[in-house]
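Q: A predicted structure for the sequence below; I have some questions about it.
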Amino acid sequence: MLFTICTWLVGCEKLDEPDHLVPKTADQDSSIPSIKINDRVLHSEVFGDPDDTLIICIHGGPGADYRYMLAAKDLAQYGYKVVFYDQVGSGLSQRFNENYYSGKDLDDIFLNELDAVIDFYKTRPNQKVVLFGHSWGAILATSYAGKKPNEIDGMILIEPGGLKWNDIEEYIKKAQAAPLGSEILNDILFQDQFVSTKKDNHEILDYKFALIASHGSPNTLETLTGKDSFWRFGSVINLTSFNYGQKFKPDMGQGIENFQDKVLFMYGGAGKVYSDEWARKISYVYKNKELVKIEGVGHSGMLESDKWRSVTLPSVLNYLKTI
Amino acid sequence: MKKVKYCFLTGLIILIISFSGNAQNYNWAKLDSVNNLARIYTGLDHSFAFGLHYGRILNGKKVIWAPFADVSFPSGDPVGDDYNFKIGTLARLFQFEDWKFSFNVSIVNRQNSNPFVKMQSLGSESGFQFGYYKLKWYANLNFSVGSSIVTNFQHTEAYKGNFSGAKDGWYENASNSQLFSVNTGYSLRKMDATLSLGLLRTEEFKSSPSLPYYIKIGLNYLF
């Protein structure tokens, strides 16, 4: 009690207040644009004419958000309807505790949600749908196309780490490798002495996730220190997904051979992990594809740097003309 | 103002006594005839770290006190932006033949700077050790607990560029930790080679840190 009085006197804050260290989510703040999908409040925005070809942007992670993909809203100026949404438990979408996901597979968690997002924004039956996925989002898009090849008309994929679990795991290990004694590794480990929490305390868990990710990855040239790189990480959904992967070792490319439409597959030329060889290996499963290597950028630079307007956007527009 | 200070200090003392800890490597069997202990150590403890420790040995009739200062730095670049600094005391409370019981308490100041935030905390550690001590070697079991009492967060422009509402300032009780460890040492004249192995938990044993174990090697010099 004495301690409580003392801290009250010095005016200490509490770590788990909803908007002290991380922003509120859409279910906590009604001013955040959102949609309700499968009883989940998802942060979502749409740009462009409602009846134009639908482009669904699917962010990476699991547990990241669509903020770094927002350059893609430029496509609305070229006659496309561009949809962004933060996946469940990610970004500014609603958080759920660990037990909400137990017994659910990736279809229940992510694919049914994507399906419902497409349905929500589709205004007419013959409206074309293109999935635009980055990293984990590209893996998710591929999984959707493998299961519902007739529901979509094209895919723009940027650096899916892998499709088979072993490839995904290998990619993650290479992307996140940090030498013992490096500043990155020490900052990841050392912060546990400053912030600790029990499970399902989302504000603190998501904040800790941000601190862990704060250095980005020198191996993939990902950086999060730029302005407007992210809103809020989703720790529980990230761990849930990786635990699921390690347990069930899914093949996210299952059925993709049934998807006949052309795929635009892009990767950066400057990262250490996504080599030409890796791009060929991962893209092998797409029957009809165009590989584009974007020089001078890493894992997400083609969306965030000036390369978006000079290289990525023209490639995407050329591709969209072909579907 | 005087009342606030009194209140804060009393709370701090209560917490230091009731919480926290650090595994210690003193060979109590050898400390009767020395006044000082200096140690260098390195290992994995919430990072790959190296540190320096100095203890002053105060031999009482029944209790041996060893007030100490300890500073450690995680490796990395730059060195010094992250650190642990502790001042406190050890005490060998009682013994039965070669079996000895000791405890430690300390105040801890820590800092971590990463691209998103600079955190500085004031906390406490305390623990107890029970072990078997001979002139040539010793082994003990340690249990200790640690807690940050207050932590200051100063977010960088990089974080505020992504969340402008991030609130800087003092936060209460941001972390706690528990440590079980086994400590052993081999002694040669004025030197002890020491080894500590431990398991770390947080949140009253309900959670684990990213690095849930602890390995340290050290060298004591007695003079």
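A: Cool, the structure landed.
Q: now the strands: where do they sit in the stretch 101-250 of chain A?
A: A:129-134, A:154-158 (DSSP state E, counting those that start in this stretch).
Q: Format these as a markdown table; extra columns: mean pLDDT.
A: Below are those laid out as a markdown table (pLDDT from 0 to 100):
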| stretch | mean pLDDT |
| --- | --- |
| strand A:129-134 | 98 |
| strand A:154-158 | 98 |
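Q: so which of those strands gets nearest residue B:133?
A: strand A:129-134 (59.9 Å; C-beta to C-beta). All C-beta spots, glycine's among them, are computed from the backbone N, C-alpha and C.
Q: In contact with residue A:25, which residues?
A: Shown in contact with residue A:25 (C-beta atoms under 8 Å, 6 or more residues apart in numbering or on different chains): A:32, A:41, A:43, A:92-95, A:232.
Q: repeat that for 10 Å
A: The contact partners of residue A:25, by C-beta atoms under 10 Å, 6 or more residues apart in numbering or on different chains, come to A:18, A:32, A:34, A:41-43, A:86, A:89-95, A:202-203, A:206, A:231-232, A:234.
Q: hmm, back to that, can the strands of the stretch 101-250 of chain A go into JSON lines with extra columns for distance to residue A:217?
A: Listed next are these as JSON lines, based on distance: least, C-beta to C-beta, whole Å:
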{"stretch": "strand A:129-134", "distance to residue A:217": "14"}
{"stretch": "strand A:154-158", "distance to residue A:217": "15"}
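Q: With distance to residue A:107 and mean neighbour count as added columns, please give those in a markdown table.
A: Formatted as a markdown table, the strands of the stretch 101-250 of chain A follow (distance: least, C-beta to C-beta, whole Å; neighbours: other C-beta atoms under 10 Å in any protein chain shown):
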| stretch | distance to residue A:107 | mean neighbour count |
| --- | --- | --- |
| strand A:129-134 | 16 | 25 |
| strand A:154-158 | 18 | 25 |
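Q: Nearest to chain B among those strands would be which one?
A: In terms of C-beta to the nearest C-beta, the element of the strands of the stretch 101-250 of chain A nearest to chain B is strand A:129-134, at 17.7 Å.
Q: in chain B, which spans are strands?
A: Along chain B, counting by DSSP state E, strands occupy B:36-44, B:48-56, B:58-59, B:64-74, B:83-96, B:99-113, B:117-133, B:137-155, B:169-172, B:176-188, B:191-202, B:213-222.
Q: Tell me which of the ones you listed lies nearest to residue A:11.
A: strand B:169-172 (6.9 Å).
Q: Packing partners of the closest one?
A: Here strand B:169-172 touches helix A:2-10, strand B:117-133, strand B:137-155, going by 3 or more C-beta pairs under 10 Å, 6 or more residues apart in numbering or on different chains; DSSP states H and E.
Q: Buried by neighbour count: which residues of that strand qualify?
A: B:170-172 (16 or more other C-beta atoms under 10 Å in any protein chain shown).
Q: quick check, distance from that strand to the centre of its chain.
A: From the chain centre to the centre of strand B:169-172 is a distance of 22 Å (C-alpha atoms, centre = their mean, to the nearest Å).
Q: hmm, back to that, which one, of the strands of the stretch 101-250 of chain A, ends up nearest to residue B:40?
A: strand A:129-134 (47.5 Å).
Q: Report all helices and strands that the longest strand anywhere in chain A contacts.
A: Across chain A, the longest stretch assigned as strand under DSSP E is strand A:40-47. Counting contacts by 3+ C-beta pairs under 10 Å, 6+ apart, strand A:40-47 packs against strand A:34-37, strand A:53-58, strand A:80-85, helix A:112-121.
Q: The stretch 201-323 of chain A against chain B: which residues are in contact?
A: A:201, A:204, A:207-208, A:210-216, A:223-232 (C-beta under 10 Å from any C-beta of the partner chain).
Q: Taking the residues you listed, please make a ChimeraX selection of just the buried ones.
A: Of these, the buried ones go into a single ChimeraX selection, burial set by 16+ other C-beta under 10 Å:
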select /A:201,204,207,208,210,211,212,213,214,215,216,223,224,225,229,230,231,232
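Q: which residues sit in contact with the residue most central in space within chain A?
A: With distances taken as C-alpha atoms, centre = their mean, residue A:60 lies nearest the centre of chain A, 1.9 Å away. Taking C-beta under 10 Å, 6+ apart, we find residue A:60 in contact with A:66, A:68-69, A:87, A:90, A:133-140, A:158-161, A:222, A:299-300, A:303.
Q: How about it, nearest residue that isn't a chain neighbour?
A: residue A:135 (3.3 Å; C-beta to C-beta, 6 or more residues apart in numbering or on different chains).
Q: Then residue A:130?
A: residue A:154 (4.3 Å).
Q: And residue B:103, by the same measure?
A: Here the residue nearest residue B:103, using C-beta to C-beta, 6+ apart, is residue B:128, at 4.4 Å.
Q: Do I have it right that that neighbour meets residue B:93?
A: Yes. If you go by C-beta atoms under 10 Å, residue B:128 and residue B:93 touch, sitting 8.6 Å apart.
Q: So, low pLDDT: which residues of the chain?
A: Using chain A here. Applying pLDDT under 70 to chain A flags the ranges A:1-10.
Q: ah, no, chain B please
A: Ranges of chain B meeting pLDDT under 70: B:1-23.
Q: one step back: could you say which one of the helices and strands packed on strand A:40-47 comes nearest to chain B?
A: Of all the helices and strands packed on strand A:40-47, strand A:80-85 sits nearest to chain B, with 16.5 Å by C-beta to the nearest C-beta.
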